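Enquirer: Provide a 3D model corresponding to the input given below.
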Amino acid sequence: MNNKELEASFRKAKALGDDIREMESIDALAAYRQSQMKIRGLKRTRLHNQLIRCAAFLAIPLLLASLILGYLYFAESEEEIRYAEVISTMGTVVRYELPDHSVVWLNSGSKLRYPTVFQKDNRNVELTGEAYFQVEAEPKRPFYVNTPNGLSVYVYGTQFNVTAYEDDNYIETVLEKGKVNVLPPGQKTITLLPGEQLVYDKQTRQVQKNKVDVYGKVAWKDGKLIFRNASLEEIIKRLERHFNVDIEFNNHLGKEYSYRATFRTETLTQILDYLAKSANLKWKILTPEQREDDTFTKTKIIVDLY
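Expert: Presented below is the predicted three-dimensional model:
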């Protein structure tokens, strides 16, 4: 073997020795543990990513369901309006305070329907009969009084009277203080100032505005009956409601009488006697009849004008 071959063999042996020493220097156990940790880390990362994707996938329908339920809940809360009623039986006057602290007086045989919580942009009530309103001022939330025949009265804060009995041929609004706006069906808004009266004829749909004695129109809330140039027909109708009786009025000659009077504590018979002094008027009270359920019919009075 020559020198070159010896030198080559020596280099190969040296390289082999270096490889053996490098392999011997490697801590196989540590390397194995490190590899296992990397593998676990990769698995955890993949699992974490999968969980995130699953959570996102599940969160989307949950979020949509929450939004839908929330919408339905609040939409139902806004649309579901609870109403209350105040009724004044025949022969009584009722004073009542509304949720906005407005005060209303209901005359005999009247009914007021209102929401237990007023809306944010308005205060709507429904009236059948007669009522005097003392409305708390709220410039951004008008107060509406709606009547069965479609006429509405709206104010922002004032004192006024509305008469809307179903058996009357008219609807009347009288303003005591402030300003009111009256909306007759199919017509433009009419504004009333203090001391003014608006009368809407249900049959002809005609509107008439007049100056009136306001106290004479609203004194009923104080227990008084005030008549100013009132006909017998008007007086008798008010007496019926005030005393809770039925009065049959027979005008045999068709004469027209106008009365000016104020009654405070007088009984019905005293008032009829007063009316009889100025006209050929006679009246009688019929005895109430007992029904099968042991109740009695309403007192009936026959009034004849000759």
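
Enquirer: can we go C-alpha only for contacts and neighbour counts from here?
Expert: Will do.

Enquirer: now stretch 155-166: buried residues?
Expert: V155, Y156, G157, T158, Q159, F160, N161, V162, T163, A164, Y165 (16 or more other Cα atoms under 10 Å).

Enquirer: redo those as a markdown table? Include secondary structure.
Expert: Output for the buried residues of stretch 155-166, formatted as a markdown table (DSSP: H, G, I helix; E, B strand; the rest coil):
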| residue | secondary structure |
| --- | --- |
| V155 | strand |
| Y156 | coil |
| G157 | coil |
| T158 | coil |
| Q159 | strand |
| F160 | strand |
| N161 | strand |
| V162 | strand |
| T163 | strand |
| A164 | strand |
| Y165 | coil |
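
Enquirer: now those residues in CSV, with distance to Y96 and pLDDT?
Expert: What follows is those, written out as CSV (distance: Cα to Cα, whole Å; pLDDT from 0 to 100):
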residue, distance to Y96, pLDDT
V155, 19, 97
Y156, 19, 94
G157, 17, 93
T158, 16, 95
Q159, 15, 98
F160, 15, 98
N161, 15, 98
V162, 16, 98
T163, 17, 98
A164, 18, 98
Y165, 19, 97
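
Enquirer: which one of these sits closest to I87?
Expert: Minimum distance to I87 across the buried residues of stretch 155-166 is 13.3 Å, recorded for Y165 (Cα to Cα).

Enquirer: contacting residues around the closest one?
Expert: Counting by Cα atoms under 8 Å, 6 or more residues apart in numbering, Y165 makes contact with S110, T128, G129, E130, I171.

Enquirer: show me which of those residues are buried.
Expert: Among the contacts of Y165, the ones that count as buried (16+ other Cα under 10 Å) are S110, T128, G129, E130, I171.

Enquirer: what is the nearest of those residues to I81?
Expert: Of all the buried ones among the contacts of Y165, T128 has the smallest distance to I81: 20.0 Å, by Cα to Cα.

Enquirer: hey, what's that closest one bridged with?
Expert: Beta-bridge partners for T128, by DSSP bridges, are K111.

Enquirer: does it touch K111 like I think?
Expert: Yes: T128 lies in contact with K111 (Cα atoms under 8 Å); the separation is 5.2 Å.

Enquirer: show me the contacts for Q134.
Expert: Here Q134 is in contact with S102, V103, V104, G157, T158, Q159, F160 (criterion: Cα under 8 Å, 6+ apart).

Enquirer: between the contacts of Y165, which is closest to F263?
Expert: Distances from F263 to the contacts of Y165, taken as Cα to Cα, are shortest for E130 (19.0 Å).

Enquirer: skipping adjacent residues, who's closest to the closest one in space?
Expert: T163 (4.2 Å; Cα to Cα, 6 or more residues apart in numbering).

Enquirer: can you pull out the helices in the chain?
Expert: 3-25, 28-79, 214-218, 232-243, 268-277 (DSSP state H).

Enquirer: out of these, which gets the lowest mean score?
Expert: Among those, helix 28-79 has the lowest mean pLDDT, at a mean of 58.

Enquirer: how far out from the middle of the chain is stretch 162-179?
Expert: 21 Å (Cα atoms, centre = their mean, to the nearest Å).

Enquirer: now the terminal residues of that stretch, how far apart.
Expert: Distance across stretch 162-179, first residue to last, is 14 Å (Cα to Cα, to the nearest Å).

Enquirer: again with stretch 262-272
Expert: By Cα to Cα, one end of stretch 262-272 lies 13 Å from the other end.

Enquirer: and L175, how close does it get to V212?
Expert: L175 sits 9 Å away from V212, going by Cα to Cα.

Enquirer: okay, and the common contacts of those two?
Expert: Taking Cα under 8 Å, 6+ apart as the criterion, L175 and V212 both touch G195, E196, Q197.

Enquirer: so the last one touches E172, yeah?
Expert: Yes: here Q197 lies in contact with E172, judged by Cα under 8 Å, at a distance of 7.0 Å.

Enquirer: which one of the two has more residues nearby?
Expert: The neighbour comparison of Q197 against E172 (other Cα atoms under 10 Å) goes to Q197, with 23 against 19.

Enquirer: tell me the bridge partners for the more buried one.
Expert: V174, N210.

Enquirer: repeat for the one 4 residues further on
Expert: Beta-bridge partners for D201, by DSSP bridges, are Y170.

Enquirer: my guess is it contacts V207, does it?
Expert: Yes: the pair D201 / V207 is scored as a contact, 6.5 Å apart, by Cα under 8 Å.

Enquirer: understood, closing this out.
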